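[1] The amino acid sequence is not available; the structure is as follows:
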């Protein structure tokens, strides 16, 4: 794949760190990588955004933001309140396609979930994925409540005819509770797609050198890594 759209089942599920892991794994394989953040919210002009964090952890990636809004809100709301122009799906698609002309892999990281609105016309990351005809990788949380949001996201992807590339647990706890352990088996069932990785909780606090060395072990071969879904599931079985 040349363009991969990264979305979450909600906020704070580990999407940015998972994006960094996918980027680091691709870089380790000798691929050139670009990270596109269509709309960055909740940061001021002089603060680091999500794309900056990916670059810090992974190194030699091209990063691009299309818009930045100061309040930590959905992009459409943040743009309206700031009196700034919103990002529109066709602009996201055009920027990603341009980056793809000279990069082996372009990662398009959304804001929050699949249907978070970019503009007041209702444009979403899903619309950008459709325009790009690009697969969508979903990052989910590990614990209680994740099954519902993951299944809803998968249903919406299929309803729109989008390619559901797979599922990654974005923050796997050091000491998983009962729900998290059960969800390893249940998530692929409700999502109707394969579990393609589990990024350890706190991975973003590692040094960049350690992060880059470990990232391939968190992702399945479909994403260029060495993570073994069967072995992971067996370790989590009760």
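    Alright, I've got the coordinates. Everything numeric here is computed off the predicted structure, so don't read it as measured data.
[2] contacting residues around stretch 196-211?
    14, 16-18, 20-21, 24, 53, 56-59, 137, 142, 165-174, 184, 214, 218-220, 222-223, 225, 227, 229, 232 (Cβ atoms under 8 Å, 6 or more residues apart in numbering). C-betas here are computed from N, CA, C, even on glycine.
[3] Mind giving me the PyMOL select for those, buried ones only?
    Buried members of the contacts of stretch 196-211, defined by 16 or more other Cβ atoms under 10 Å, are picked up in PyMOL with:
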select buried, resi 14+16+17+18+20+21+24+53+57+58+137+142+165+166+167+168+169+170+171+172+184+218+219+220+223+225+227+229+232
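[4] My understanding was that residue 73 contacts residue 81; is that so?
    Yes - counting by Cβ atoms under 8 Å, residue 73 does reach residue 81; the two are 7.0 Å apart.
[5] Compare these two (neighbour count), which wins?
    residue 73 (18 against 12; other Cβ atoms under 10 Å).
[6] What pLDDT is listed against the more buried one?
    The model reports residue 73 with a pLDDT of 97.
[7] now do residue 235
    At residue 235, pLDDT is 91.
[8] Report the distance from the helix or strand containing residue 108 to the chain centre.
    Assigned by DSSP states H and E, residue 108 belongs to strand 105-113. Here the centre of strand 105-113 is set off from its chain's centre by 5 Å, with Cα atoms, centre = their mean, to the nearest Å.
[9] ok, that strand: who's next to it in the sheet?
    Sheet partners assigned to strand 105-113 using DSSP bridges are listed as strand 3-8 (parallel), strand 33-41 (parallel).
[10] how deep is residue 183 tucked in, by neighbour count?
    Quick note: residue 183 (other Cβ under 10 Å) scores 25 neighbours.
[11] meant to ask about residue 234
    The number of residues near residue 234, taken as other Cβ under 10 Å, comes to 10.
[12] How about the backbone phi and psi for it?
    phi -60, psi -40 (degrees, to the nearest 10).
[13] now it: how far from residue 228?
    Remark: distance between residue 234 and residue 228 (Cβ to Cβ, to the nearest Å) = 9 Å.
[14] Tell me the buried residues in the strand holding residue 108?
    Buried-residue list, strand 105-113, by 16+ other Cβ under 10 Å: 105, 106, 107, 108, 109, 110, 111, 112, 113.
[15] For residue 46, state which of these is nearest.
    When the buried residues of strand 105-113 are compared for distance to residue 46 (Cβ to Cβ), residue 111 wins out at 19.9 Å.
[16] my guess is that closest one meets residue 74, correct?
    Yes - between residue 111 and residue 74 there is a contact under Cβ under 8 Å: 7.1 Å.
[17] tell me, what's touching these two both at once?
    Common neighbours of residue 111 and residue 74 (Cβ under 8 Å, 6+ apart) are residue 41.
[18] Show the pLDDT at residue 42.
    95.
[19] That one: how many residues sit nearby?
    Neighbours around residue 42, by other Cβ under 10 Å: 16.
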